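*Asks:* Okay, here's the prediction I keep looking at, along with the sequence it came from:
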Amino acid sequence: MSDGQPITSVDGIDRGERPVTEVAVGVLIRRDAAGQEGDFLLTSRPAGKVYAGYWEFPGGKFEPGETLEQALRRELQEELGITIGAVHPWHQEVFDYPHARVRLHFCKVYDWTGTFEMREAQQMAWSNLPVASTPVLPGTLPVLRWFAAERGLTGPLTLHDGV
Ligand SMILES: Nc1nc2c([nH]c(=O)n2[C@H]2C[C@H](O)[C@@H](COP(=O)(O)OP(=O)(O)OP(=O)(O)O)O2)c(=O)[nH]1
């Protein structure tokens, strides 16, 4: 069930009713001294996962009983070795992939401590629009659109056609 939320299918195929996997996603953003939002952190999906090599925002699935905040804290510690500060829930989207239906809980994060470690042998890139790190996961694209809207940008979301 998607609890009435619209579902975006990545391939246009209607797969009917399916369970939804909840995913906590961290949109880490650098701010300048005036509080203006700047670069955001993208990471590549590690080898061995679906969509390996695609760029996304770091995060992962909730474990049983976890809240969004707990899941996000754990995932960013596990994947990147950082401890995040306040979690600011931003948008939710339900995406239907061949491998799963996921509800992505995108959260802005402005504060963290620790040194970035690529614990899954992934890559990281501080990015801005248009994004140079491609391809981007389909379920990641809406975030680039929200950034473009917030920042008043109308150009391409990525430097490459076909994202
Ligand atoms: N982290 C993340 N996942 C995303 C984004 N966009 C998007 O469609 N997804 C999808 C891809 C996956 O189907 C799902 C996340 O699952 P995952 O396999 O990366 O999660 P995980 O780290 O808990 O994986 P695992 O423990 O099962 O290996 O959400 C995004 O921006 N960030």
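*Replies:* Thanks, I have the structure now.

*Asks:* Endpoints of stretch 52-65, how far apart?
*Replies:* 28 Å (CA to CA, to the nearest Å).

*Asks:* What of stretch 38-53?
*Replies:* Termini of stretch 38-53 sit 24 Å apart (CA to CA).

*Asks:* Run the contact check for it versus the ligand.
*Replies:* Yes. If you take CB under 6 Å from any ligand atom as the test, stretch 38-53 does meet the ligand, through K49. Backbone N, C-alpha and C define where each C-beta goes, glycine included.

*Asks:* hmm, who's touching that stretch?
*Replies:* 27-32, 54-58, 79-80, 97, 99, 118, 120-128, 131, 133, 135-137, 140, 147 (CB atoms under 8 Å, 6 or more residues apart in numbering).

*Asks:* ok, of the residues you listed, which come out buried?
*Replies:* Buried residues within the contacts of stretch 38-53, counting neighbours by 16 or more other CB atoms under 10 Å: 27-29, 54-58, 79-80, 97, 120, 122, 124, 127, 131, 133, 136-137, 140, 147.
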